[in-house]
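Student: curious how this folds, go ahead:
(2 chains)
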Amino acid sequence: MFRSHVLVCGGTGCTSSGSAEIIKKLEEEVKKNGLENEVGVVRTGCFGLCALGPIMIVYPEATFYSMVKVEDIPEIVSEHLLKGRPVKRLLYDETVTETGVKSLGDTDFYKKQHRVALRNCGVINPENIEEYIGTNGYAALGKVLTEMTPDDVIQTLLDSGLRGRGGGGFPTGLKWKLAKGNDADQKYVCCNADEGDPGAFMDRSVLEGDPHAVLEAMAIAGYAIGASQGYIYVRAEYPIAVQRLQIAISQAREYGLLGKNIFESGFDFDIDLRLGAGAFVCGEETALMTSIEGNRGEPRPRPPFPAQKGLFGKPTILNNVETYANIPQIILNGAEWFASMGTEKSKGTKVFALGGKINNTGLVEIPMGTTLREVIEEIGGGIPNGKKFKAAQTGGPSGGCIPAEHFDIPIDYDNLISIGSMMGSGGLIVMDEDDCMVDIAKFFLEFTVDESCGKCTPCRIGTKRMLEILNKITDGQATMEDLDKLEELCYYIKENSLCGLGQTAPNPVLSTLKFFRKEYEAHILDKKCPAGVCKALLSYSIDPEKCRGCTLCSRVCPNNAITGTLKEPHVIDTTKCVKCGACMEKCRFGAISRK
Amino acid sequence: MGSKNHGVPFAGTKEQEKQLLEVIHSLKDQQGALMPIMQKAQDIYGYLPIEVQTIISDETGIPLEKIYGVATFYSQFALQPKGQYQISVCLGTACYVKGSGNIYSKISEILGIEDGECTPDGKFSLDSCRCVGACGLAPVLMINDEVFGRLTVDDVKGILEKY
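Tutor: As a prediction, the model looks like this:
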């Protein structure tokens, strides 16, 4: 027994900022101070507050150290762990109050969160199956195999109201019921861990922080639909997640929780990993299965649905990582418990990856129905540098923007769709007044054009034509007819594309057109980019009142576009200016402006 | 993806071929074995030149055109060798709104190469990637396995000079 545990985040964010060296140093220092029998050092999954990484938490008090450096470790060990005095200057600012030190759970970032899918992330060592078992892990699988029929399991999921967390929001219980109803000699359970939305990383955090929860839920799914084999299709770009899954699978096999005759029940189930190779379209269910079969990951028309004819032509269910992570909890706590959280048609919680122009970048899990305002202002800590909120983007390349006028919208599947966005996998990127919405729409279209698999024409050619029009707009070459053409194309592509990628590709354009049409018009009619992003429409000028004639700008200009004599106001020759912005960055007097 | 290195001759060794054959024989009876084989092959050779694809085709009986089709479909597979130091700049949404596009342009300008290309001395190659998942550190770039975060355009030169 240890009197204190030090948890250090080993997720991708904190590992990137050096948490591995911190753990090494921590172990050394603990030993040096003779505390190795009193203090346990644990490498966990993601705590969520990635902006402050590397993160270290000391239990039992849950004292929160942020942005820890290797050189701080000796002091933390000798002061806090040995003498019991937290090193206040290294604590997360918000936890230091006049009366003492607040614990992690009382901070604005964590207070409003409710962790179901992420319950073990940042709590247990994901590479040790016993820690998972110690938090009721595999109890749900035991319950299912010994006390429930497959129909009971499916009914529980139907009653819970759980909907797919990968974006579509299809009821999970119904998916399982359809697959169970189809007889076959072999069926498959697949897990979609090909998290492709750029800016979403919740699935990776679950896999890195609590891989056994996914394995357990897949085994439960196998029992419910009558499958003995599972596949996890995980991005090869997630090396830590892949490694922890491999460890988890081999530990589960060792403990008899995967393999033959699990819990002496006669039920066999095993799981293999398949690495995705970097194709966004493989997040689409039929494309993902085609890819596991070893082909180009192209989608195919439905029906037949995967529940009838899926992987290798057999009935298959495919769920997303976060969906699976909820399931053991639903089995253990009951459908009613789960259905008590959330809104009428969207039950439970949802994990969001908060990113972009927001103070507390990271992962948050909130009950469905929480408002965007609560997420951004309270949990997210607002927008940095006193800038004004402009929009939040959800659903990645398939979603849309939520403008300030919908700041109080309760977030759930149906509300987001009603305003032209979608839940998607849970990326939530915050944008401020400096972001150009036409540029953002163009950014997503570039992504879709790149990732379109090319199988159907509306998506392959249509998205390319859309991008061409958007380029014309941001270059100041477009007319209002182009804008009409763009909108018409959007609807055509939505209606005629083969799979979800093409059907949703126009969403970023449609939703920015809906809420920010004026910005498009400013680019077209006034040839101006109001946010000051689109290079072709910008011009730089020097305010003669503010310029002191220090000559710095003329020296950094790569094209000698700035002239003037020492101590006299300088002038930019706009015909020579390449709009690189170097002068503006270097000016110490704020004399250069961009319009 | 264009590349200036069309003429790099294949320089696979006997040991690499032996490793590849072992991989193929251990995996080829699995259902859907082609992608795992190609991924391992790329680990062994660093890329998938036509010579390697031909070996896979000969050993598995899978037609070469199918292997080529798979190799060109997925962005992870490279038909050209990468640099000694592989630079990937994250152009995911979180990094993009924090200015990773400018960082990418700066590197491209300094090294004189575009997406997917390699410098003539084989030292650096440049790729854009979609989200390494370190959004808390945005904007980020990776050089081989090392991650550099919270970057500004001015940091770029210093980072490249370290290599």
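Student: and the residue nearest to residue B:17 when sequence neighbours are not counted, how far is that from residue B:19?
Tutor: Nearest residue to residue B:17 in three dimensions, chain neighbours excluded: residue B:55, at 6.9 Å (C-beta to C-beta, 6 or more residues apart in numbering or on different chains). No exception for glycine: its C-beta is placed from N, CA and C like everyone else's. To residue B:19, residue B:55 is 11 Å away according to C-beta to C-beta, to the nearest Å.
Student: all helices of chain B, in order?
Tutor: For chain B, helices defined by DSSP state H occupy the ranges B:14-27, B:34-45, B:50-60, B:64-73, B:93-97, B:100-111, B:155-161.
Student: buried ones in the longest one, by neighbour count?
Tutor: Spelled out, it's helix B:14-27. B:16, B:19, B:20, B:23, B:24, B:27 (16 or more other C-beta atoms under 10 Å in any protein chain shown).
Student: what does stretch A:333-341 give?
Tutor: Using 16+ other C-beta under 10 Å as the test for burial, stretch A:333-341 gives A:335, A:338, A:341.
Student: how about the residues of the stretch 151-300 of chain A near chain B?
Tutor: Residues of the stretch 151-300 of chain A lying near chain B by C-beta under 8 Å from any C-beta of the partner chain: A:196-201, A:204, A:236-238, A:274-280, A:291-297.
Student: in chain B, where is pLDDT below threshold?
Tutor: Across chain B, the ranges flagged by pLDDT under 70 are B:1-8.
Student: and the residue of it nearest chain A?
Tutor: The minimum distance from chain B to chain A, using C-beta to the nearest C-beta, falls at residue B:136 (2.7 Å).
Student: that older thread, what's the farthest-apart pair in the buried residues of helix B:14-27?
Tutor: B:16 and B:27 (16.6 Å; C-beta to C-beta).
Student: where's the closest residue to residue A:234 other than its chain neighbours relative to residue A:322, distance?
Tutor: Nearest-residue entry for residue A:234: residue A:193, 3.9 Å, with adjacent residues in sequence omitted and distances by C-beta to C-beta, 6+ apart. Relative to residue A:322, residue A:193 is positioned 10 Å away (C-beta to C-beta).
Student: follow-up on the earlier one: go ahead and confirm the residue nearest to residue A:234 touches residue A:231.
Tutor: No - counting by C-beta atoms under 8 Å, residue A:193 stays clear of residue A:231, with 10.1 Å between them.
Student: more neighbours: which of the two?
Tutor: Ranked by neighbour count (other C-beta atoms under 10 Å in any protein chain shown), residue A:193 and residue A:231 place residue A:193 first, with 29 against 23.
Student: now do the contacts for the more buried one.
Tutor: Taking C-beta atoms under 8 Å, 6 or more residues apart in numbering or on different chains, we find residue A:193 in contact with A:203, A:204, A:207, A:214, A:232, A:233, A:234, A:235, A:238, A:241, A:320, A:321.
Student: and the residues you listed as JSON lines, adding pLDDT?
Tutor: Formatted as JSON lines, those follow (pLDDT from 0 to 100):
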{"residue": "A:203", "pLDDT": "94"}
{"residue": "A:204", "pLDDT": "91"}
{"residue": "A:207", "pLDDT": "96"}
{"residue": "A:214", "pLDDT": "98"}
{"residue": "A:232", "pLDDT": "98"}
{"residue": "A:233", "pLDDT": "97"}
{"residue": "A:234", "pLDDT": "96"}
{"residue": "A:235", "pLDDT": "90"}
{"residue": "A:238", "pLDDT": "88"}
{"residue": "A:241", "pLDDT": "94"}
{"residue": "A:320", "pLDDT": "96"}
{"residue": "A:321", "pLDDT": "97"}
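Student: which of these lies closest to chain B?
Tutor: Distance to chain B across the contacts of residue A:193 (C-beta to the nearest C-beta) is lowest for residue A:204, with 5.2 Å.
Student: which helix or strand contains the closest one?
Tutor: helix A:202-209 (DSSP states H and E).
Student: packing partners for that helix?
Tutor: Other helices and strands packing on helix A:202-209, by 3 or more C-beta pairs under 8 Å, 6 or more residues apart in numbering or on different chains; DSSP states H and E, are strand A:188-193, helix A:211-225, helix A:239-254, helix A:321-333, strand A:349-356.
Student: quick one: mean pLDDT for the very next helix or strand once past the longest one?
Tutor: Tracing the chain past helix A:239-254, the next element assigned as helix or strand by DSSP H and E is strand A:259-262. Mean per-residue pLDDT for strand A:259-262: 97.
Student: again with stretch A:438-454
Tutor: Rounded mean pLDDT across stretch A:438-454 is 95.
Student: pull out the buried positions in that stretch.
Tutor: For stretch A:438-454, burial by neighbour count (16+ other C-beta under 10 Å) applies to A:438-449, A:451-453.
Student: tell me which of the residues you listed is nearest to chain B?
Tutor: Closest approach between those and chain B, by C-beta to the nearest C-beta: residue A:443, at 5.7 Å.
Student: how about the residue nearest the centre of chain B, nearest residue that isn't a chain neighbour?
Tutor: Residue closest to the average C-alpha location in chain B (C-alpha atoms, centre = their mean): residue B:78, at 5.5 Å. Distance criterion C-beta to C-beta, 6+ apart; nearest residue to residue B:78, sequence neighbours excluded, is residue B:47 at 4.3 Å.
Student: so that neighbour makes contact with residue B:79?
Tutor: Yes - at 6.6 Å, residue B:47 counts as touching residue B:79 under the criterion of C-beta under 8 Å.
Student: sorry, back to before: redo the helices and strands packed on helix A:202-209 as JSON lines? Include distance to residue A:390.
Tutor: Listed next are these as JSON lines, based on distance: least, C-beta to C-beta, whole Å:
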{"stretch": "strand A:188-193", "distance to residue A:390": "32"}
{"stretch": "helix A:211-225", "distance to residue A:390": "36"}
{"stretch": "helix A:239-254", "distance to residue A:390": "33"}
{"stretch": "helix A:321-333", "distance to residue A:390": "28"}
{"stretch": "strand A:349-356", "distance to residue A:390": "10"}
